[in-house]
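**Q** Here's my sequence, what's the structure:
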Amino acid sequence: MIPAVFPLRFTPVSHSRPRRLAHYIAAAGLLLMSLGVAAAPKLALYTEEWPPMTFTSGKGTPDGMAVEVVNEILRRTGQSSSIAVVPWIRGYKLLLSRPNVMLFTVGRNAERERSMTLLGPIAISSTVLLARSEEAMSLQALGSDILKREVAAYQGSIFESTARSKGFTAIRQTGSTEEAARMLLARRVDLWVEGNIAVAQTLQRLGIAPGRVSRVMTLDSLDLYLAFSRGTDRDTILQWQAALRDMKKDGTFQAIHQRWFPGEPAPPQVVRLGLEP
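**A** Numbers count the residues shown, from 1 in each chain. Okay, here's the model as predicted:
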């Protein structure tokens, strides 16, 4: 007989081992899921009261052309972030100070391209200078002297910065578009600078007949974007870009745009500008 070099032992099979293995696999899966959530934090979404682009509806929920676009992107990307309507200054400060913030809508300029990622455009607006209708022609006749007249402008808006860049110095900052319109009609200022797409609905909300205000001149044309803060997750921005491109390809974006701005051409292109995510 040849002796066994290694003694043979027969260990009974434990039925608990497969269970333990399943538990380990499940725990590893949960860990990977938690790591994935940490790698792609939920976006904080902010907008302002700027009808008809963005505003609070009579039901107390965000509404407007841009809100519809953002909600459709959320649906297509499977994200569940809610939209907060806040004063523009607050939303803009959050955009500049925290990662994973998206503020809309934002006008493009060189300063903003250095501090955020812009995706769009989702609308095109003109920056217009408005006056009381009975004074519009006399103000137009002033030439460069019009730059000395007081102008009401929504504080921190692209319209305020456009007026400054054109040479207006007597600018009265307001807390809202509606306040700027009221100041004009109350004769506290001579002019009001605003985006043309917001003028009619602003006057309507205030119960002011549209004929009481007239355009004096157009200062600039302005593309409006979705703005992502510095440090926002790159994959999230790319998902939003792909969803917006698909919306413009399949006609969904154009349908939304036409509901809010009948007869106005919808911007067909999708571009990403500013900071590289």
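
**Q** any idea how far residue 175 lies from residue 197?
**A** When CB to CB, to the nearest Å is the yardstick, residue 175 and residue 197 sit 20 Å from each other. Every C-beta, even on glycine, is put in place using the N, C-alpha and C of the backbone.

**Q** Out of the two, name the residue with the larger neighbour count.
**A** Under the criterion of other CB atoms under 10 Å, the comparison of residue 175 against residue 197 puts residue 197 first, with 22 against 14.

**Q** what are the ranges of the strands in the stretch 101-250 of the chain?
**A** Using DSSP state E, counting those that start in this stretch, the strands of the stretch 101-250 of the chain run over 101-107, 116-132, 151-154, 171-174, 191-195, 213-229.

**Q** can I get these in CSV with mean neighbour count and distance to residue 207?
**A** Listed next are the strands of the stretch 101-250 of the chain as CSV, based on neighbours: other CB atoms under 10 Å; distance: least, CB to CB, whole Å:
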stretch, mean neighbour count, distance to residue 207
strand 101-107, 25, 25
strand 116-132, 23, 16
strand 151-154, 26, 18
strand 171-174, 18, 18
strand 191-195, 27, 17
strand 213-229, 20, 13
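
**Q** in the sheet, who's paired with the spatially most central residue of the chain?
**A** Among the residues of the chain, the one closest to the centroid is residue 104, at 1.2 Å (CA atoms, centre = their mean). With DSSP bridges applied, residue 104 shows beta-bridge pairing to residue 226.

**Q** can you pull the contacts of it?
**A** Contacts of residue 104 were listed using CB atoms under 8 Å, 6 or more residues apart in numbering, and they are 45, 46, 47, 54, 66, 70, 122, 224, 225, 226, 227.

**Q** go on, residue 43?
**A** Residue 43 is in contact with 79, 81, 100, 101, 102, 232, 236, counting by CB under 8 Å, 6+ apart.

**Q** any chance of the residues you listed in CSV, with distance to residue 249 too?
**A** Listed next are these as CSV, based on distance: CB to CB, whole Å:
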residue, distance to residue 249
79, 20
81, 24
100, 27
101, 28
102, 22
232, 24
236, 21
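
**Q** quick one: least confident helix or strand in the protein?
**A** helix 16-39 (a mean of 49; mean pLDDT, DSSP states H and E).

**Q** The residue lying closest to residue 51 once chain neighbours are set aside: neighbour count?
**A** Excluding its sequence neighbours, the residue lying closest to residue 51 (CB to CB, 6 or more residues apart in numbering) is residue 201, at 4.3 Å. Number of residues near residue 201 (other CB under 10 Å) recorded here: 17.
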